[in-house]
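>>> Fold the following and give me the result.
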Amino acid sequence: MTDVSLGIPQMPAPDYPADVRARLEADAKEIIARYPGSRSALLPLLHLTQSEDGYVTRTGVRFCAEQLDLTTAEVTAVATFYSMYRRKPSGDYQVGVCTNTLCAVMGGDAIFDELKEHLGVGNNETTEDGKVTLEHIECNAACDFAPVVMVNWEFFDNQTPDSAKRLVDDLIAGREVRPTRGAPLCTYKETARILAGFPDERPGAVEATGGAGPASLAGLRLSRGEELPAAGAGQPARRSSVPPQGETPAAPSGTPGQPSPAEHASSHDAPQETAVSDPANPAGPESEEGK
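Numbering: from 1, shown residues only. Okay, the predicted model is just below:
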């Protein structure tokens, strides 16, 4: 029989080798000094240990507890609460496929299923060569670029099953892979050190982070009455239905005073005569609905 607990408690976690511990202690002191209360440094300290081990080990938990005068139980409670802390060895590249509602509808589920088959792994499993760990993510916070895949928290937007498979093949083969936006890709351990709060010292990496993508800024530009860039090759730029301040919009024929659905930024958010907020059509109490 295997995986049977006999009730024997685990031995205390081993310590880091002296040279590793000295290096980590120096980094830990720098992290702890940033906070008025040392306990607040636990999250970045966990990232620091991940940058050393690739996941949160029992040794890492012990180290964090000793640095912050906490119990290992307190550290473990935090490390097991957040999904960004790994509980077992993981690959050099953490490939997260968004399977939340919008990305799933746009193809995220299909991407995740095909990557599982292509890589021969399941959720939160790592390829035999230790290169790629695959996981589904509830939300990558980039719905306007759906479906989205992230590698070590860098964005790869508007993916398809084929493009995602090429992406993981390139990662495994060691070929250069560039995110759609954001900093150049680095390994999971390097990412963990950056998340611990240490600067990304790679030449040009900080400058490459940039800002929000065009899709994220579309709503802001529409609110300002600006022209949106072309949606794609051969497609004309869509103009906002909101006129610049001080100007009156030209009413399209057949609908005096209101833009037609074709010209409106989104026909789904066009004013509706039966809207609850319309004073001319007040909604009754919920108990009266359907009468």
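>>> now the strands for the stretch 151-291 of the chain?
Per DSSP state E, counting those that start in this stretch, the stretch 151-291 of the chain carries strands over the ranges 154-156.
>>> can you map out the helices along it?
For the stretch 151-291 of the chain, the helices defined by DSSP state H, counting those that start in this stretch cover 161-173, 188-195, 214-223.
>>> Kindly report the same for the stretch 1-150 of the chain.
Taking DSSP H, counting those that start in this stretch, the helices of the stretch 1-150 of the chain run over residues 18-32, 42-53, 58-68, 72-79, 101-103, 109-119.
>>> tell me which residues in the last one are buried?
For helix 109-119, the neighbour count (16 or more other CB atoms under 10 Å) marks 109, 111, 112, 114, 115, 116, 119 as buried. Where you see a C-beta, it was placed from the backbone N, CA and C, and this is true even at glycine.
>>> Would you mind getting the angle between that helix and helix 161-173?
Helix 109-119 runs at 40 degrees relative to helix 161-173, counting by axes from the mean of the first three to the mean of the last three CA atoms, to 10 degrees.
>>> Residue 182 versus the most centrally placed residue in the chain, what's the distance?
The residue lying closest to the centre of the chain (CA atoms, centre = their mean) is residue 140, at 3.4 Å. Going from residue 140 to residue 182 by CB to CB, to the nearest Å gives 12 Å.
>>> which residues of the stretch 151-291 of the chain score low on pLDDT?
Low-confidence segments of the stretch 151-291 of the chain, defined by pLDDT under 70: 209-211, 230-291.
>>> how about residue 138, phi and psi?
phi -70, psi -40 (degrees, to the nearest 10).
>>> Quick check: neighbours shared by residue 140 and residue 182?
residue 155 (CB atoms under 8 Å, 6 or more residues apart in numbering).
>>> residue contacts, the residue nearest to the centre of the chain?
Residue 140 makes contacts with 96, 98, 103, 148, 149, 150, 155, as judged by CB under 8 Å, 6+ apart.
>>> Same list (those) but as TSV, adding neighbour count and distance to residue 64.
Below are the contacts of residue 140 laid out as TSV (neighbours: other CB atoms under 10 Å; distance: CB to CB, whole Å):
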residue	neighbour count	distance to residue 64
96	21	24
98	28	30
103	27	33
148	27	31
149	28	31
150	21	26
155	19	29
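>>> ok, the residue nearest to residue 205 when sequence neighbours are not counted - contacts?
Nearest non-adjacent residue to residue 205, counting by CB to CB, 6 or more residues apart in numbering: residue 183, 4.8 Å away. Neighbouring residues of residue 183 by CB under 8 Å, 6+ apart: 154, 200, 202, 205, 206, 208, 209.
>>> Sort out which of the residues you listed are buried, if you could.
154, 200.
>>> Pull the residues that contact stretch 202-222.
Contacts for stretch 202-222 (CB under 8 Å, 6+ apart): 142, 144-145, 157, 180-184, 186, 199-200, 227-229, 240, 242, 265.
>>> Now do that stretch: distance from first to last residue.
From the first residue to the last, stretch 202-222 extends over 36 Å; the measure is CA to CA, to the nearest Å.
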